[in-house]
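Trainee: pasting the structure only:
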């Protein structure tokens, strides 16, 4: 009973977490590629443009995936607060401050030339 109740959950947990992290690195889900992101298609300068979908310099979302072995069971989880949004989606309220920031970055990047008011 000891092997099934303790050793197997640890082995399964390690294998599943390893597999999930490999999915992040390969930019897909068990062989099915994720859709390319807009960030990947825009010519970013530096390393930021080379990261795949759901990856970043810190890979924080990927590294937050872990497992908790129990008695003849294992729980796979991601402790990052925004992980559920990636899996299940969410409705986000866009504030005036967010819109102002967006437009500032848009104009800063050269998108949509500002018209001189003369």
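Mentor: Yep, that arrived. Everything numeric here is computed off the predicted structure, so don't read it as measured data. Residues are numbered from 1 along each chain as shown.
Trainee: show me where the protein has helices.
Mentor: Along the chain, counting by DSSP state H, helices occupy 2, 8-26, 38-41, 60-63, 83-88, 96-108.
Trainee: So which of those is nearest residue 70?
Mentor: Minimum separation from residue 70 across these (Cβ to Cβ) falls at helix 8-26, 6.3 Å. Using the backbone N, CA and C atoms, a C-beta is placed for each residue, glycine as well.
Trainee: just checking, what packs against that closest one?
Mentor: Helices and strands touching helix 8-26, by 3 or more Cβ pairs under 8 Å, 6 or more residues apart in numbering; DSSP states H and E, are helix 60-63, strand 65-70, strand 73-78.
Trainee: and it with strand 65-70, angle?
Mentor: Orientation check (axes from the mean of the first three to the mean of the last three Cα atoms, to 10 degrees): helix 8-26 against strand 65-70 gives 170 degrees.
Trainee: got the contact list for helix 8-26?
Mentor: With Cβ atoms under 8 Å, 6 or more residues apart in numbering as the test, helix 8-26 has contacts from 29-30, 52, 54-55, 59, 61-63, 65-70, 72-74, 76.
Trainee: For residue 111, see how far away residue 95 is.
Mentor: 21 Å (Cβ to Cβ, to the nearest Å).
Trainee: Correction: the previous question concerned residue 59.
Mentor: 29 Å.
Trainee: Neighbour count: those two, which is higher?
Mentor: Using other Cβ atoms under 10 Å, the more surrounded residue of residue 59 and residue 111 is residue 59, with 14 against 9.
Trainee: wait, what's in contact with that one?
Mentor: residue 24.
Trainee: So it versus residue 5, what's the distance?
Mentor: 33 Å.
Trainee: can you count the residues close to the residue nearest to residue 72 when sequence neighbours are not counted?
Mentor: Sequence neighbours aside, residue 5 is the residue nearest to residue 72 in space, at 4.6 Å (criterion: Cβ to Cβ, 6 or more residues apart in numbering). By other Cβ under 10 Å, 13 other residues sit near residue 5.
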